[in-house]
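> what's the 3D shape of this:
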Amino acid sequence: MPATSGATATVSELKVLFTRQQIAQRVAELGAQINRDFAGEQVVLIGVLKGAAIFLSDLSRALSVDATFDFISVSTYGNEKRSSGEVKLLKDVDQSMEGKNIILVEDILDTGLTLSYLTKVLAAHRPKSLRIAALLDKAARRVQPIKADYVGFEIPDEFVVGYGMDYAERYRNLPDICVVP
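Numbers count the residues shown, from 1 in each chain. Just a heads-up that it's a prediction; the model follows:
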């Protein structure tokens, strides 16, 4: 895959941080933990588009509890490697969340601005419970004090792509999580 600009790396230049096997194992472990926490109950997984779509798909298949899902969409990055700090709701959930067990599924917990905003939006729906599942936690960049209930991996302050995460809409299809140089 040729680079389209000096700022875009070719796939061969990316460094693998987590392999597809490591990701699959960790997602299965998170699924088992959610199954224990919500045994006998229903949950609604709410995926943050677009980055969390692949994680949500794999996580939902790791669940044995009764689970449905919905999606929510926000904008913070655009085509930049750093968050603008401004969060805009582009799409809210399609169904009522009142009285339901919600697990907000996000690809990466970074500054905390997006998840702080989304927890307020979803709390307004008056759910029975609201938890956060983040595939990656980049605590070094946190500016809002928020923690995920279910964390796949803690990562250093590096820009990552793959497994749903992108840079300018590229690399989402990579099966591994990679660092952009």
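
> what's the helix or strand of the chain at the bottom of the mean pLDDT ranking packed up against?
When the helices and strands of the chain are scored by mean pLDDT, DSSP states H and E, strand 88-91 comes last with a mean of 88. Helices and strands touching strand 88-91, by 3 or more CB pairs under 8 Å, 6 or more residues apart in numbering; DSSP states H and E, are strand 66-75. Heads up, the C-betas are built off the backbone N, CA and C, glycines and all.

> list the strands paired with the strand it packs on, with their directions.
Paired neighbours of strand 66-75 in the sheet (DSSP bridges): strand 42-49 (parallel), strand 88-91 (antiparallel).

> can you list contacts of the strand or helix carrying S60?
S60 is part of helix 53-61, with elements assigned from DSSP states H and E. Residues from elsewhere that reach helix 53-61, judged by CB atoms under 8 Å, 6 or more residues apart in numbering: 23-24, 27, 30-31, 34, 45, 47, 67, 69, 71, 105, 107, 133, 135, 152, 163-164, 172.

> go through those residues and flag which are in strands.
With strands defined by DSSP state E, the entries of the contacts of helix 53-61 inside them are L45, G47, A67, F69, F71, V105, D107, A133, L135, G152.

> count the neighbours of the fourth one for me.
When neighbours are defined as other CB atoms under 10 Å, F69 has 17 of them.

> for it, which non-adjacent residue is spatially closest?
Nearest in space to F69, with sequence neighbours left out and distances taken as CB to CB, 6 or more residues apart in numbering, is L45 at 4.1 Å.

> and that neighbour, how many neighbours does it have?
L45 is flanked by 23 other residues according to other CB under 10 Å.

> S75 bridge partners, please.
Residues found in beta-bridge contact with S75 (criterion: DSSP bridges) are K88.

> before we move on, the earlier item: buried ones among the contacts of helix 53-61?
A residue is treated as buried here by neighbour count (16 or more other CB atoms under 10 Å); on that basis the buried members of those are 23, 27, 30-31, 34, 45, 47, 67, 69, 71, 105, 107, 133, 135, 152, 163-164, 172.

> so what touches the lengthiest helix in the chain?
Selection of the longest helix in the chain by residue count, based on DSSP state H, yields helix 20-37. Residues from elsewhere that reach helix 20-37 (CB under 8 Å, 6+ apart): 18, 43, 55, 58-59, 61-65, 103, 131, 133, 135, 150, 152-153, 163, 175-177.

> also stretch 168-176?
By CB under 8 Å, 6+ apart, stretch 168-176 touches 4, 8, 11, 14, 16-20, 23, 50-51, 54, 79, 161-166, 178, 180.

> kind regards, and thank you for your time.
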